[in-house]
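**Q** Here's my sequence, what's the structure:
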Amino acid sequence: MNMNILLIEDEEKVANFISLGLKEEGYEVDIAYDGKKGLDLLRENTYNLILLDLMIPEIDGLELLKTIRSWGLDTPVLIITAKNTKEDVVKGLDTGSDDYLTKPFSFEELLARIRALLRRIKKQGVDILNYKELTLNPYTRKLKTPKGEIDLTEKEFMILELMIRNREKVLSRKDIAEYVWHNIQDTTNIVDVYVNFLRKKIEPLLEKRYIHTVRGMGYIFKEDENV
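**A** You can find the predicted model right below:
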């Protein structure tokens with residue numbers, strides 16, 4: 001599974017250097033050059049890790065961290081900053097960061113910190129998927145909505161997990177069938193049946209539609225828009 005990292009850093013050269021290095025290591029990286037854009041991306045997407053500079057424009061790093069923790073978002077945060085006094089470190093950790101790396105640092109040290117955080121979170125079993133008003137818990141197989149939780153069967157969960165991880169991208173019936181059933185012959189009918197099961201469970205508790213049929217192609221998971 002690809003690891004998605006959000007890098008919030010206002011120094012463009014630094015951000016591009018880190019992003020390029022992480023991509024070469026196999027990570028997927030989004031960059032926000034200010035706190036407002038960082039919050040926008042966090043509202044729209046799910047990340048495995050956040051790299052956060054404290055001294056960023058629009059909304060500073062500590063305020064951004066307070067905001068996302070107030071949402072209940074427990075994505076691990078590694079602060080990367082030139083602020084290196086004991087007081088700064090304590091503030092960052094008390095606000096909800098998981099680790100703290102001061103500039104300048106070597107790229108190898110950054111990678112080591114990232115790997116350590118991802119291992120720790122994996123051991124803790126934290127891999128909650130969020131999209132818009134929805135939260136999918138892989139360990140209870142429940143979908144949380146503003147109007148309550150929905151229990152999912154194993155196959156329903158697997159389809160929804162695949163859709164949320166690939167949100168706003170078209171998935172063919174073959175893509176879904178191979179992920180859930182592994183190379184079955186008749187992909188169309190069984191995928192359509194289970195997608196309909198999902199729709200009947202989800203849509204009564206939502207004011208918006210999320211699962212859309214893309215004629216002649218498959219399905220796309222996105223917030224209530226015409227495809």
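**Q** and stretch 63-81, average pLDDT?
**A** What stretch 63-81 shows for mean pLDDT is 85.
**Q** Contact partners for Glu109?
**A** Leu101 (Cβ atoms under 8 Å, 6 or more residues apart in numbering). All C-beta atoms are positioned from the backbone trio N, CA, C, and that covers glycine.
**Q** which parts of whichever helix or strand it is part of are buried?
**A** For Glu109, the host element (DSSP states H and E) is helix 107-124. Neighbour counts using 16 or more other Cβ atoms under 10 Å place 110, 113-114, 117-118, 121 of helix 107-124 among the buried residues.
**Q** now stretch 54-66
**A** For stretch 54-66, the neighbour count (16+ other Cβ under 10 Å) marks 54, 56, 59, 61-62, 64-65 as buried.
**Q** likewise stretch 3-12?
**A** Those buried within stretch 3-12 under the rule 16+ other Cβ under 10 Å are 3-10.
**Q** which outside residues touch that stretch?
**A** So stretch 3-12 is contacted by 15, 18-19, 22, 26-35, 37-38, 41-42, 45-53, 55-57, 61, 64, 80, 114, 118 (Cβ under 8 Å, 6+ apart).
**Q** Pick out whichever of the buried residues of stretch 3-12 sits closest to Phe157.
**A** If you rank the buried residues of stretch 3-12 by distance to Phe157 using Cβ to Cβ, Asn4 comes first, at 20.0 Å.
**Q** Model confidence for that closest one, exactly?
**A** So Asn4 comes in at 89 (pLDDT).
**Q** For it, give me the backbone phi and psi.
**A** phi -100, psi 130 (degrees, to the nearest 10).
**Q** pLDDT of the host helix or strand of Tyr100, averaged?
**A** Assigned by DSSP H and E, Tyr100 belongs to strand 99-102. Averaging pLDDT along strand 99-102 gives 82.
**Q** what's the weakest-modelled helix or strand in this structure?
**A** Every helix and strand of the chain was ranked by mean pLDDT, DSSP states H and E. The lowest is helix 86-95, at a mean of 65.
**Q** which of the buried residues of stretch 3-12 lies closest to Ser97?
**A** Nearest to Ser97 among those, with distances taken as Cβ to Cβ, is Ile8, at 12.2 Å.
**Q** does the closest one have beta-bridge partners, and which?
**A** Ala32, Leu52 (DSSP bridges).
**Q** Kindly provide the distance from it to Ile79.
**A** Separation of Ile8 from Ile79 (Cβ to Cβ, to the nearest Å) stands at 10 Å.
**Q** got any residues that touch both of these two?
**A** 52-53, 61.
**Q** In this structure, where is pLDDT below threshold?
**A** 1-2, 83-95, 120-127, 139, 182-188, 225-227 (pLDDT under 70).
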